[in-house]
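A.B. asks: Just need the structure, nothing else, for what follows:
(3 chains)
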Amino acid sequence: MGKLGRRALVLLVAALSMLVIASCGGDDDDSGGTSGGGGTKGGTLNIDHTSYPDFLDPGLSYTVDGWEALHLAYTGLVTFANGNGDAGTEGAKVVPGLAKEMPKISDDGLTYDFTLRDNLKFSDGTPVKASDFKSSIERLLEQDSQGAGLGYTTIKGGEDFLKTKKGGVPGIVTDDAKGTIKITLSEPRGAFLYELAIPFASVVPGNTPAKNMTKDPPPGTGCYMFKNVELNRSYDLVRNPNFSPSLKGTDVDQCNADQIHVEIDPQTSSQVTKIIRGDLDFMVDNPPPDRVAELKNKYKDRFEQFPTNSTFYFFMNTEAPPFDDLKVRQAVNYAIDVNAINRAQGGVLSPAHTTLPPGVPGYDSSQSDLYPFDLEKAKSLIKESGHEGDDVTVWSNPEPETQRTMEYYADTLNKIGLNAKIKNIPAEEYFVTIGTRKNKPQTGWANWFQDYPHPSDFIDILLNPDNVVDVGNNNYTYNANDKQLAQEINELNKEPELTDDVIKRWGEVDREIQEKAYWGIYGNRKQSTFFSERMDFDNCKGEHAVWTHHWGMFCRK
Amino acid sequence: MLRFTVRRLLNMIFVLWAVSVLTFLIFMVMPGGGDEQAALRIAGRNANEAQIQTVKKEWGLDDPFYVQYADMMKKVFTGDLISYVNQQNVTEEIKRGLPATMSLVIGAGLIWLFFGVLFGVVSAVYAGRFTDRALNVLALIGISLPVFWVGLVLLYYLTDRVALFPPGGYTELVQVRVDWAYHLILPWFALSILFIGFYSRVLRSNILDIENEDYVRTAKAKGLSERRVLIRHTLRNALIPIVTLFGLDFGAALGGGAILTESVFGLQGVGQYASESIGRLDLPPIMGVVLFGAFFIVLLNAIVDIMYAFLDPRIRLQ
Amino acid sequence: MATQPATESDFSLDAAAAVAEQEGSGKQLEGMGPWRLAWRRLKRNRVAMASLAVFFVLVACCVAAPLYAKHIAGRGPTETNATGTIVIDGKKQFVVTPDGTPIGPGLHKEYLLGADPLGRDVMVRLLYGGRNSLFVGFMAAVITAVLAVGFGLLSGYIGGFTDGVITNMFDILWSFPVLLFAIALGTALALGGLHIGPISIQGDSLWIPIVIIGVVYVPYFGRPIRGQVLSLREKEFVDAAVAQGMRSPRIMFGEIMPNLTSTILVFGTLIIANNILLEAALSFLGAGIQPPEPSWGGLISDGVNQIYTAPHLSLVPGIAIVIAVLSLNVFGDGLRDALDPRAKVRLR
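C.D. replies: Residues are numbered from 1 along each chain as shown, chains lettered A, B, ... in the order given. Take a look at the predicted model:
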């Protein structure tokens, strides 16, 4: 996913051992074992967002904020393991969710067989049927959800249903009596299992209307449920009284606090002050750059930053000269000084030079920086290319950090001999505008936060030449002519499992992309954890590879 | 009198209508606004051509602009205006922001009226002396300060350096009275400074002008004490234009003048909603807040005019 | 400021002359026209003249921005230097620390008023920003004056249907919440620019905020002008002109307008002052002068996120605005006193 402001999903260390915890005092009820030891469970926590989640509807939400809340109330056939709450560097594991166990995948990678656990219930008490999964997927296709293109159209009949909205998705066959689900794909897809674990594929009751249910979220199967939803103001997550017994003790059963009260405060600085005063327990967004120094020094017992799986880069459109010239693109890469940009963003960037962030399989830490900072070399490359003095429009939007970064970028392009001017468009329109082919945006800012920790989520979506379309692009390189790259990526996509060999091949593709200098990569974003005094920072940090923070893992001292 | 009032109210409606047309034109017709953008906005980041067409049909973005205008106006009255960006109901959002905006503007209005008049009278009474000069300097500084900058400076010095006040945000009146006022003190101050300076100078100048006039001299010659002369004759007349000004300024502040203060202090009122919507070029909320603001401005203008006509019969005959 | 001063006393130079007689010794004032009398009075107002001087110095500094950039600061307003170093008091330090904190003001040639997080020189940006902000404020005032006087004259003198149309136009424009209107226009036009017939202005041109600010204040000053024209129209010299067979345009521009001059002059300073404030507000919200062109309001908005660690970024441009506007207001006061000293006279 790549919408502005989405935060990344951090990688996770191996699954932890489940402990059954005796009441540690406080109002702790017996909803089963939880991960992590120590800390007081129960009670109410206060959390702030800077803006309301895009949708409180699992079929529609495509932001990190949204997923961070939704996964607590909705579950898919599979889900991601909880981890131990500390940021890690291994891939997040997919584990059974509503399904009894991991699916049986056929040898040709085209069929997935699932069996639901027994006696599953929604939060309103109604039983979960196998056909509810089918209608949940159909619901998301019927609404033209932004997630539709994520792989659900690979299911047989999915593409047609998306277009015609008639006939359902024949590729999903369910049996309510037996509780079985058989999914048939039209071609093998390695990322599919991950795509079943993200909120888009969560199961909601079959009679949920195919429209935006944010104002009154549908019942779910998570250990929390939504309550008191006040659009644009606040919402609550309270313990699910009808939590399925068969889910107790699984990774889904992770709800330490009794209630989480979430409010909106558009000023991150005010949120920081509230946490310091103890009026707020946790902030979802990063603190503003100018307070980070204060937090690092004064509150290091409850503040830390960890890298997320995100890549921040300057895109260069190969269909818009002078960026069709490799030398120009290489020059730009030599000219970018990551340390300068990091200062402009208050130190929240981890310098990067690979397409894949460190937490995604395929990342190869042995790959050195192909383009170490060298302004003189950049200048001479531009001269060689014959494009000195060319006009370049740098696309940007007025969000303060982006604005500043782009001012730096435009000045840098000028320093190496191009004639750069910034063009600002409103943040809401930014990606839509640069994603429209006929606009021919030469260069500008872009970022991508992982949807799930699989290399295709980055490379296939953002750089596959076959994915260049006329409207709604995520591939701002517009490299439609690079047939070699397309073939390599397509083949890798089909591999159903991430074996060591497959991972190595993805890493080689990453290197090829760097050599072709399609992007001016500059960093991975760091995410902060900042708690109030009463929160247990040492034991219940809740950092998570996919959800950024797993609120169900928070606890008080 | 009745005819005048009716004429005035009809004029009000005409003006509101013209404002709505102007708003619509600005955002529909100017490049950057328009149907294509709106459709893209609603359809979302990864929309394909087919999805955009569907959106256009559903939202009527393909219709000729006068049809869209009529449709939008209808929605304004039935309360069905929906934002292009986040599909929320505009009327609801405005209602939600109303308490904060009302608290800010009404509170600030009372403050600036009181202090403006107070300082104006004091300046006039001590005209030419030190107090007057000092107040004049303060007033001049007051009208030279950018409102949003004052807000920022206050925020920095009084909420962070010295944690005297809360760093922004709005607390409902119903919740805790003291907290409500506590959060509003700085915004009230920031918003009133300009008007206090302005009103005190205008009032002072009016009072002095009137004191010059013959009838006041006559009254003094008749032997009435200076105090009584001041209060009875002078003030009453000097205040009339102030009241006029207040009506207009209050309307303007309610109508959008509070945008900056609300944004800087994070009060989440109608002004802030307006500023965010404009930044996103989101036409339905823009139409909503503009009409909201224009309504108050026009209403207060009309009230002021009607009051004037009531007091001065000559005006009615125009 | 949201309103017009509804009770501006009309500036009658007859009254000025009468008071002048009271003030000075009659002899040396004989033979001096009202304008020279006014000028004398203005000159004697030390505070007002000092204020004017301050304003001129400010303008001069801003005009000299390129010289400052080249010879003293050594960099232009958009040149970044995020990883650079500087020697202060013999110690070498980063212009911007690795976590984004820039150095503050100090007595060094480079970065006299400190740096911003990209290592740009705040003083240079302040001066270039001033050029933009002052230029916009002044040109917008010209537009407002021209339009307000033009419409005021037509409306007040011709009357009838024309008056009705123009007054209604004023009403509509005035009813649009000023700030909202300016922000709305500013944002919409910044995006696509203005393309009407043969006139084509790019979205990031300075003329967009100039036109917007210029137009937005027309009703506020058009109305009192119209009022003054209405009362001037009843005076005898107009009757005389009509009797002489003068045509309307000649009367309007030749006879009536000169009598508006003092009003225009005083309003002029007020308008420029207001425009500077409005432009700052618009640029702060992103609807005025578009980045990367610096402007005072834009500089304040840039510094907002750093208000705790680098307060100079927002404080300095604000102070510049206050100096400019205050000096104009004080001078405006003095100008008004000189042109209509009645306000100064008080009962003893």
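A.B. asks: Name the nearest residue to residue B:250, ignoring sequence neighbours.
C.D. replies: Once flanking residues are discounted, residue B:250 sits nearest to residue B:109: 5.0 Å by Cβ to Cβ, 6 or more residues apart in numbering or on different chains. For every residue, glycine as well, the C-beta is placed using N, CA and C.
A.B. asks: How about residue A:489?
C.D. replies: residue A:464 (4.7 Å).
A.B. asks: That neighbour: what's it in contact with?
C.D. replies: Residue A:464 is in contact with A:475, A:485, A:486, A:489, A:490, counting by Cβ atoms under 8 Å, 6 or more residues apart in numbering or on different chains.
A.B. asks: coming back round to it: how close does the residue nearest to residue B:250 get to residue B:196?
C.D. replies: Residue B:109 is 11 Å from residue B:196, where distance means Cβ to Cβ, to the nearest Å.
A.B. asks: and what of residue A:182?
C.D. replies: With Cβ to Cβ as the criterion, residue A:182 and residue B:196 are 75 Å apart.
A.B. asks: more crowded one of residue B:109 and residue B:196?
C.D. replies: Using other Cβ atoms under 10 Å in any protein chain shown, the more surrounded residue of residue B:109 and residue B:196 is residue B:196, with 25 against 19.
A.B. asks: Show me the shaky parts of the stretch 51-200 of chain C.
C.D. replies: C:191-198 (pLDDT under 70).
A.B. asks: can you list the residues of it near chain B?
C.D. replies: Residues of the stretch 51-200 of chain C found near chain B (Cβ under 8 Å from any Cβ of the partner chain) are C:168, C:171-172, C:174-181, C:183-185, C:187-189, C:191-193, C:195.
A.B. asks: State the helix or strand in which residue A:48 lies.
C.D. replies: strand A:44-49 (DSSP states H and E).
A.B. asks: Kindly report the same for residue A:394.
C.D. replies: Using DSSP H and E, residue A:394 falls in strand A:391-396.
A.B. asks: List the buried residues in the helix or strand just after that strand.
C.D. replies: Counting by DSSP H and E, the next helix or strand C-terminal to strand A:391-396 is helix A:400-415. Buried residues in helix A:400-415, counting neighbours by 16 or more other Cβ atoms under 10 Å in any protein chain shown, are found at A:400-414.
A.B. asks: what residue ranges in the stretch 201-318 of chain B are flagged as low confidence?
C.D. replies: Looking at the stretch 201-318 of chain B by pLDDT under 70, you get B:214-217, B:219-220, B:223-233, B:310-318.
A.B. asks: For the strand holding residue A:48, what is the distance to the chain centroid?
C.D. replies: Counting by Cα atoms, centre = their mean, to the nearest Å, strand A:44-49 is centred 21 Å from the centre of its parent chain.
A.B. asks: Listing partners with orientation, what would you give for that strand?
C.D. replies: Sheet pairing of strand A:44-49 (DSSP bridges) gives strand A:259-264 (parallel), strand A:282-283 (parallel).
A.B. asks: want to throw these into TSV with mean neighbour count and distance to residue A:522?
C.D. replies: Putting these into TSV (neighbours: other Cβ atoms under 10 Å in any protein chain shown; distance: least, Cβ to Cβ, whole Å) gives the following:
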stretch	mean neighbour count	distance to residue A:522
strand A:259-264	20	30
strand A:282-283	22	25
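A.B. asks: Does the helix or strand containing residue B:13 reach chain A?
C.D. replies: Assigned by DSSP H and E, residue B:13 belongs to helix B:2-29. No. Helix B:2-29 does not reach chain A (Cβ under 8 Å from any Cβ); its nearest approach is 12.3 Å.
A.B. asks: got the buried residues for that helix?
C.D. replies: B:4, B:8, B:11-12, B:15-16, B:18-20, B:22-24, B:26-28.
A.B. asks: related to what we said a few turns ago, orientation of the strand holding residue A:394 relative to helix A:400-415 in degrees?
C.D. replies: 170 degrees (axes from the mean of the first three to the mean of the last three Cα atoms, to 10 degrees).
A.B. asks: average pLDDT for strand A:391-396?
C.D. replies: For strand A:391-396, mean pLDDT is 92.
A.B. asks: do stretch A:542-553 as well
C.D. replies: Computed over stretch A:542-553, the average pLDDT equals 89.
A.B. asks: before we move on, what about stretch A:457-467?
C.D. replies: Average pLDDT, stretch A:457-467: 91.
A.B. asks: which ones are touching residue A:436?
C.D. replies: A:470, A:471, A:472, A:473.
A.B. asks: what residues are up against the residue lying closest to residue B:146 once chain neighbours are set aside?
C.D. replies: Sequence neighbours aside, residue C:280 is the residue nearest to residue B:146 in space, at 5.0 Å (criterion: Cβ to Cβ, 6+ apart). Taking Cβ under 8 Å, 6+ apart, we find residue C:280 in contact with B:146, B:148, B:149, C:133, C:288, C:295, C:296, C:297, C:300, C:321.
A.B. asks: how about a cut-off of 6 Å?
C.D. replies: B:146, C:296, C:297, C:321 (Cβ atoms under 6 Å, 6 or more residues apart in numbering or on different chains).
A.B. asks: quick one: which of those is nearest to chain A?
C.D. replies: residue C:297 (13.3 Å; Cβ to the nearest Cβ).
A.B. asks: Hmm, residue C:285 and the closest one touching each other?
C.D. replies: No. Counting by Cβ atoms under 6 Å, residue C:297 does not reach residue C:285; the two are 8.0 Å apart.
A.B. asks: Go through stretch B:181-200 and flag the buried ones.
C.D. replies: So for stretch B:181-200, counting by 16+ other Cβ under 10 Å, buried means B:183-200.
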